[in-house]
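Enquirer: build me a model from this:
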Amino acid sequence: MLGSALGHAWAATVLTEISVAAPPGPALLLLRPADYPALLSDGGSVQLRFSTIVPPLTINRESAGQFHTLDSICTHAGCTVGKFILTNGYMRCPCHGSQYNVRGEVVRGPAPANLNSLPTRFDANTGVLNVQVPDLGLHVSSLAVQTRSGGSSRFKLSFHGTAFASYQVRYHTELDGDFSVTPFALTPGGAANQTVLVPNDDRVWDVYVDAAGGRGFFVVALLLTQV
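Expert: Residues are numbered from 1 along each chain as shown. Model (predicted):
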């Protein structure tokens, strides 16, 4: 499986057909800082949210090629810390005033510990930031369930969805290039007319897509929202 987030979504690509959707695990989030104007300058900061009920991740640029991805949950009382403000020189918790520097280190209490830092690596050759996100793996399984009139096939894509996150299915004939949004059905025989799935709980979800031709790749994309 391949995870990516070039722009504002990341995806797990179905390269083989397997029968069981794996449980959540570490996810590799790939994004281009160039897509976020704030990250073009030292001291820039953005916050990205996967779900309306999950605190956002904060990505801070300390210098060219050096980025820090932080859990935004304050270590004092669990409030959501704001993004890094260069003119202030810190991130601030709105609840009790704790402050953290660009690396997520405590510079003023009452917070007892630094913000949780996620493994982050910037590839200068590709301009892509690699972030390892725990417990958010999007593992997709694919199973051809029926052949339809006209020679097309309908596939079931199973994946573990996060409550109140937003998912799309995308398709392209090659792994490289721009994937286009593909409508899907929520039942094996239903009309493929859905474009966004917002799960109401954490569990394995099934969607059904129609495919024609001898080659192509579907991805399930978890959409990111900038706070």
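Enquirer: P199 in helix, strand or coil?
Expert: Classification of P199 by DSSP: H, G, I helix; E, B strand; the rest coil places it in coil.
Enquirer: next up, the contacts around F50.
Expert: By Cβ atoms under 8 Å, 6 or more residues apart in numbering, the residues touching F50 are 57, 136, 162, 165, 222, 224-225. Backbone N, C-alpha and C define where each C-beta goes, glycine included.
Enquirer: buried ones among the residues you listed?
Expert: Using 16 or more other Cβ atoms under 10 Å as the burial test, those include 57, 136, 162, 165, 222, 224 as buried.
Enquirer: looking at those residues, which is nearest Y100?
Expert: L57 (14.0 Å; Cβ to Cβ).
Enquirer: which residues touch that closest one?
Expert: Neighbouring residues of L57 by Cβ under 8 Å, 6+ apart: 47-50, 69-72, 118, 131, 133.
Enquirer: shaky segments in this structure?
Expert: 1-26, 135-152, 175-177, 212-215 (pLDDT under 70).
Enquirer: care to break the chain down by domain?
Expert: 6-25+135-226, 28-132 (automatic domain parsing).
Enquirer: using TSV, lay out the contacts of L57 together with distance to G89 and secondary structure.
Expert: Shown next, in TSV, are the contacts of L57 (distance: Cβ to Cβ, whole Å; DSSP: H, G, I helix; E, B strand; the rest coil):
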residue	distance to G89	secondary structure
Q47	18	strand
L48	22	strand
R49	25	strand
F50	28	coil
T69	19	strand
L70	16	strand
D71	20	strand
S72	18	coil
L118	22	strand
V131	24	strand
V133	27	strand
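Enquirer: what is the nearest of the residues you listed to T187?
Expert: Among the contacts of L57, F50 lies closest to T187 (Cβ to Cβ), at 26.1 Å.
Enquirer: and the closest one, how far from T225?
Expert: 8 Å (Cβ to Cβ, to the nearest Å).
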